[in-house]
Structures are given as C-alpha cells and as structure tokens.
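Trainee: what follows is a protein structure lacking sequence information:
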C-alpha cells in the first residue's frame, strides 16, 4: 500500500540539482548545511540496514514470505524534504535478488525522534524518478504564479504525497512553497515559507521547545544505539550485512532478538482478557436489536438521499430520513496506494486520537475501510479526545496538516422490516450503492 520504484543515488540528485541551479536564481541549500540536527546519509543507511535485519527476523517482515527473507538495503537513496523546505527523510530501496520489493524511510533530522519512520512492503511509486520531474514542476509553479522568482525545487514527502516542493518568491514578495504532484501535474499543497528561519520546527511545522528538542534527540540516540548494537553483533559473528542472511546468521539474529536486548520487542499479543472482551462484544452485537443508519456526502440533498434509500427498502416500508444531530464521525478518502500511509499517520498522531468502528461499542460499520475503485474510504470518530477540546478545531487541524478528510451526513433510516434477514439484506444492498459512503448498525440496549 505504500509507494516506490528504483531510487537514484544521492550523487545523481546532486548532479541534477546542480544543473537546475544554473537557471534557478538564488538556488541554495542553507537548511541542510547549517542545520545541526541533520543526520548524514551514511548514518541513515546504517540505521536502514540494521532496521531491515530486525524487521525480517523479529518483526512483521518475518510474515512477508521468501522474498523478504532475502531482503537487503539497496545502494541508492533519495533525500526528501518536508513542506518547510527542510530535510525530512532518506528513502532507501529494499531489494531481493535483482528486484526491488519495498523501501524504508529514515529520518534525516534527529529532532524527528525515532530514526526509522516507515517500512514500505510494495515497490509501487518510489521517489527515484522525482529529480526528472523538477523541470515540469517548475513550469506548474510558474503557471500558478506568473512572474514569480523560482528559488528552489527539491523532492518532497508530505504523507502521503510524494512530489516536488517548488520554493518561489511571488511578485508581491511573499515566499511560498508549492507542492506539485507529478502524477496530477498540479499544485496540491501550498505553504508560506517566510518567518522565523532560526526556529527549530519539525516536519509538521511545529516550533519545538528546548525540552522537546532534548527529548526527541534522546529518543533518536537510543534508537541509534540499538542499531549500533545490531551492527556490533554482526561484526562479532562475521555477518555480512550487505548480503542476504544465511540460515545460520538468521538463526543467530533470531536468538539475539529473543534475548534481553536494547532493541524494542514487537508489540505484545493481546491479553486473554482483552480477547474475551472482544468475543463478548461480538456475541452481544450478534443478538442485540439494531437500527440502520447511512452516511452520505455532506452536501447531498435530502430528497436525493431519500430516493437512494427507498430503492433498497421493502415496497410497503415507510421511509423517514432523519439527519442525526452534529456528530464527530468524519472520513478519510485517498487512493488505495496512499491509504496505508494516511491511516498509520492518523493512528499515531501525537495530538489527535482517532477511533474506528472496531472501538465503538454501539456502532458497527458494514465495510470500513471501504474500497471504491482506485480509492479507499475510512470512517473515523474524533469525539474520544479530552473534554473541552473542540472537535471542529481538531478536524480543521488535521486538514491543515494535509489529511484528505471530509465531513459526512449521517441519517437514521426508520423502516419496518418483516424480519432481521430482510433488514440485513437491505443493509448489504444499500452498502453496495456508490452514492452511499457507509452503512451503520446502531445497537440498542433493550
């Protein structure tokens, strides 16, 4: 679900940037050269190599099959910038034999905290060809702001979009960063770049306090030490980390990760009590009474909603469409390839807690996430945040951060059915209608 192809080397990137620099005024790399938190490419690659070993021996990669069993980190890399025009991540290809099978993104700045930020287990949409797209991206930026001065153009990763960030100075003197999506050939994000250049900010644009900087660097140092320990183990046992692990070396590392070590263990399996709770919930929902509700695009007229619903209800049924009061179910809509990155970022968001229907006791959504052709929809609830936090503000914050979120209109469906089987069939057919976002079961206490 993640994206990649063959990555080009940093050398190639520098050469292309140099060529473009011959016709870009004020072209420079001030952030990379003066930022004291920048991680050198060779250190990032060491982290990638060690992380892949852990991933395929003791992590989710152990379930990915024989190709990942023989995975190594490729020799190329691409440095991707964030929307603030600062180094963000190095993308390294993961190879097996002569084929690229995935990739790994490693932090390019220590103040991001953890070193390895993304594992990608499919070879679709690599940033390797991004430098070739820079001239086209510049053309798009100049068309958007005629008469502007192009200041920079660099590969950029603003999850889930991988594109070109074009820095411009518009005719009114404003400095802006335009994120151009090469696939669409258009600007998909725009951000003001002027401001306090001395402030320490992360990839989301958050200004970090000294305490937060210290905490994040400490986290990065701990991670770095863990990966150094993995390399030290390889040296002690004569393991070539540039080659696929032999069966003997794989077994050695398996014992290493099983023993007390500074490397974080994989997430623990749920406790039996939790599993029992899930089973109890499923058993209760299977016998509980429920009403049907459906979610539509927020701007869809009520009469059109009623017409859609009537199509799938019994002829004699009395249909009453009642829009629910303001609720905090929203939905993510993204391409299938980008969905995994968006979902992971939302589930691990530092400020906003999101819940799917699997965490909701009284609500079950028939299909969530839901695939529509090349796109995936995912309904989430943002009401489970601290009391006093305005959900509208949370929604707007997430949208500003680049998450493709939309509000939706949820309506109760009041209709009489002969039995539960007829109601289940109506819900199933309604869910298959492309005009319907989601169909929900709302369970009753009595």
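Mentor: Here it is on my side, so go on. Predicted, not measured: the structure shown is a model, and the values here were computed from it.

Trainee: would you mind naming the residues that bridge with the nearest residue to residue 344 once chain neighbours are set aside?
Mentor: Counting by CB to CB, 6 or more residues apart in numbering, the nearest residue to residue 344 once its immediate chain neighbours are dropped is residue 118, at 7.7 Å. Heads up, the C-betas are built off the backbone N, CA and C, glycines and all. Applying DSSP bridges to residue 118 yields these beta-bridge partners: residue 105.

Trainee: is it true that residue 118 touches residue 104?
Mentor: Yes: between residue 118 and residue 104 a contact is recorded at 7.0 Å, counting by CB atoms under 8 Å.

Trainee: could you list the low-pLDDT ranges of the stretch 1-150 of the chain?
Mentor: Low-confidence segments of the stretch 1-150 of the chain, defined by pLDDT under 70: 1-34, 61-64, 123-125.

Trainee: try it again with 90
Mentor: Judged by pLDDT under 90, the stretch 1-150 of the chain has its weakly predicted residues at 1-36, 55-69, 75-76, 83-86, 97-103, 111-132.

Trainee: surely residue 105 and residue 115 touch.
Mentor: No: distance between residue 105 and residue 115: 10.1 Å, which falls outside the contact criterion (CB under 8 Å).

Trainee: coming back round to it: pick out whichever of residue 118 and residue 104 has more residues nearby.
Mentor: Applying other CB atoms under 10 Å to residue 118 and residue 104 shows that residue 104 carries more neighbours, namely 29 against 17.

Trainee: quick check, central residue of the protein?
Mentor: To find the centre residue of the chain, average its C-alpha atoms and take the closest one (CA atoms, centre = their mean): that gives residue 341, at 2.2 Å.

Trainee: and the helix or strand in which that residue is found, what's buried?
Mentor: Assessed by DSSP states H and E, residue 341 sits inside helix 336-347. Using 16 or more other CB atoms under 10 Å as the test for burial, helix 336-347 gives 337-346.

Trainee: likewise stretch 69-87?
Mentor: Buried-residue list, stretch 69-87, by 16+ other CB under 10 Å: 69-74, 76-87.

Trainee: again with stretch 252-261
Mentor: If you call a residue buried by 16+ other CB under 10 Å, then stretch 252-261 has these buried ones: 252-253, 256-257.

Trainee: where's the dip in pLDDT among the residues you listed?
Mentor: The member of those with the lowest pLDDT is residue 257, and it reads 87.

Trainee: so which helix or strand takes in residue 296?
Mentor: Element membership for residue 296, per DSSP H and E: strand 290-297.

Trainee: same check, this time on residue 421
Mentor: Counting by DSSP H and E, the element that carries residue 421 is helix 420-432.

Trainee: what residues of that helix count as buried?
Mentor: With burial defined by 16+ other CB under 10 Å, the residues of helix 420-432 counted as buried are 423, 426-427, 430-431.

Trainee: now do that helix, average pLDDT.
Mentor: Mean pLDDT, helix 420-432: 89.

Trainee: mind giving me the domain split of the protein?
Mentor: 1-268, 276-443 (automatic domain parsing).

Trainee: buried deepest among these, which one?
Mentor: Across the domains of the chain, the average number of neighbours (mean count of other CB atoms under 10 Å) peaks for domain 1-268, which reaches a mean of 18.

Trainee: what's downstream of whichever strand or helix holds residue 231, the next helix or strand?
Mentor: Using DSSP H and E, the secondary-structure element containing residue 231 is helix 210-236. On the C-terminal side of helix 210-236, the nearest following helix or strand under DSSP H and E is helix 247-258.

Trainee: and residue 253, what does it touch?
Mentor: Residue 253 is in contact with 53, 57-58, 233, 239, 245, counting by CB atoms under 8 Å, 6 or more residues apart in numbering.

Trainee: what do you get if the cut-off is 10 Å, keeping everything else the same?
Mentor: When the contact criterion is CB atoms under 10 Å, 6 or more residues apart in numbering, the partners of residue 253 are 53-54, 56-58, 230, 233-234, 237, 239, 245.

Trainee: I'd like these as a markdown table, with distance to residue 400 appended.
Mentor: Listed next are the contacts of residue 253 as a markdown table, based on distance: CB to CB, whole Å:
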| residue | distance to residue 400 |
| --- | --- |
| 53 | 38 |
| 54 | 35 |
| 56 | 37 |
| 57 | 40 |
| 58 | 37 |
| 230 | 38 |
| 233 | 44 |
| 234 | 44 |
| 237 | 49 |
| 239 | 46 |
| 245 | 44 |
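
Trainee: hang on, the earlier thing: the helix holding residue 421 packs against which elements?
Mentor: Packing partners of helix 420-432 (3 or more CB pairs under 10 Å, 6 or more residues apart in numbering; DSSP states H and E): strand 290-297, helix 302-310, strand 405-414, strand 438-443.

Trainee: want to throw those into CSV with mean pLDDT?
Mentor: CSV is the format used below for the helices and strands packed on helix 420-432 (pLDDT from 0 to 100):
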stretch, mean pLDDT
strand 290-297, 86
helix 302-310, 86
strand 405-414, 84
strand 438-443, 84
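
Trainee: residue 173 is nearest to which of the ones you listed?
Mentor: Among the helices and strands packed on helix 420-432, the nearest to residue 173 by CB to CB is strand 405-414 (32.9 Å).

Trainee: mind giving me the packing neighbours of the closest one?
Mentor: With contacts defined as 3+ CB pairs under 10 Å, 6+ apart, the secondary structure elements packing on strand 405-414 are strand 290-297, helix 302-310, strand 320-323, strand 329-335, strand 375-381, helix 391-400, helix 420-432, strand 438-443.

Trainee: out of these, which gets nearest to residue 172?
Mentor: Comparing the helices and strands packed on strand 405-414 by their distance to residue 172 (CB to CB), the top pick is helix 391-400, with 22.6 Å.
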